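Asker: Dropping a prediction and its sequence here:
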Amino acid sequence: MDFQVVVLAGGTSKNLLPLVSKEVPKALLPVANRPVLSYVLEQLELSNLKDLIVVVEGEDAAIHVGGWISNAYVDRLHVEVAAVHEEVGTAGALRAIAHHLTANDILVVSGDLVFDVPPGALAAAHRKHNAVVTTMLCPAPVSGPYRVRIIRWKG
């Protein structure tokens with residue numbers, strides 16, 4: 001489909017301590033006995049989007065994620081793992097790998113996303129409408145009553 005895919009896989013987020021470590025970065029945390037990253041990679045593979053750049057924060061995390069991908073997806077996906085500085089954020093991560101982005105169309109996917117919408121369908125809609133940007137959004141799940149606080153500023 002000529003899309004270049006960037007998977008933002010994070011690193012060893014301090015928000016997830018003690019679940020994450022240097023040996024188990026966020027992308028490899030188990031969800032239903034599988035690394036969370038596997039859900040995204042399998043959806044991409046099913047959509048025939050197999051040329052990927054997986055961006056990981058930190059060298060140690062990148063080594064572990066790259067090793068796991070090499071074992072789990074050998075001969076199935078072409079994956080380049082790029083290590084970026086920790087806590088650079090989404091824009092900083094994309095800026096750090098900008099020299100690798102050569103396609104006209106780039107699909108950016110969060111590495112901790114568990115979803116059932118085929119990325120190929122999103123890519124096809126993007127192409128069909130000759131869009132500049134296409135995004136997939138979903139409503140926030142409601143787990144209880146929302147509390148809304150309105151603040152009015154007086155000038």
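Answerer: Good, I have the coordinates. Since we're looking at a predicted model, the values are computed, not measured.

Asker: Low-confidence regions, this protein specifically.
Answerer: 1, 12-13, 16-17, 22, 140-155 (pLDDT under 70).

Asker: Following element in sequence after the host helix or strand of residue 55, please.
Answerer: Per DSSP states H and E, residue 55 falls inside strand 51-57. Moving toward the C-terminus from strand 51-57, the first helix or strand encountered (DSSP H and E) is helix 59-72.

Asker: What is the helix or strand just after that following helix packed up against?
Answerer: For helix 59-72, the succeeding helix or strand toward the C-terminus, using DSSP H and E, is strand 78-84. When contacts are defined as 3 or more CB pairs under 8 Å, 6 or more residues apart in numbering; DSSP states H and E, strand 78-84 sits against strand 51-57, helix 59-72, helix 89-96. In this view, the C-beta of every residue, glycine as well, is placed from N, C-alpha and C.

Asker: is it possible to export these to TSV including mean neighbour count and distance to residue 39?
Answerer: Listed next are these as TSV, based on neighbours: other CB atoms under 10 Å; distance: least, CB to CB, whole Å:
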stretch	mean neighbour count	distance to residue 39
strand 51-57	23	13
helix 59-72	18	12
helix 89-96	14	19
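
Asker: Which among those is found nearest to residue 19?
Answerer: helix 59-72 (13.5 Å; CB to CB).

Asker: elements contacting the closest one?
Answerer: Secondary elements touching helix 59-72 (3+ CB pairs under 8 Å, 6+ apart): helix 36-46, strand 51-57, strand 78-84.
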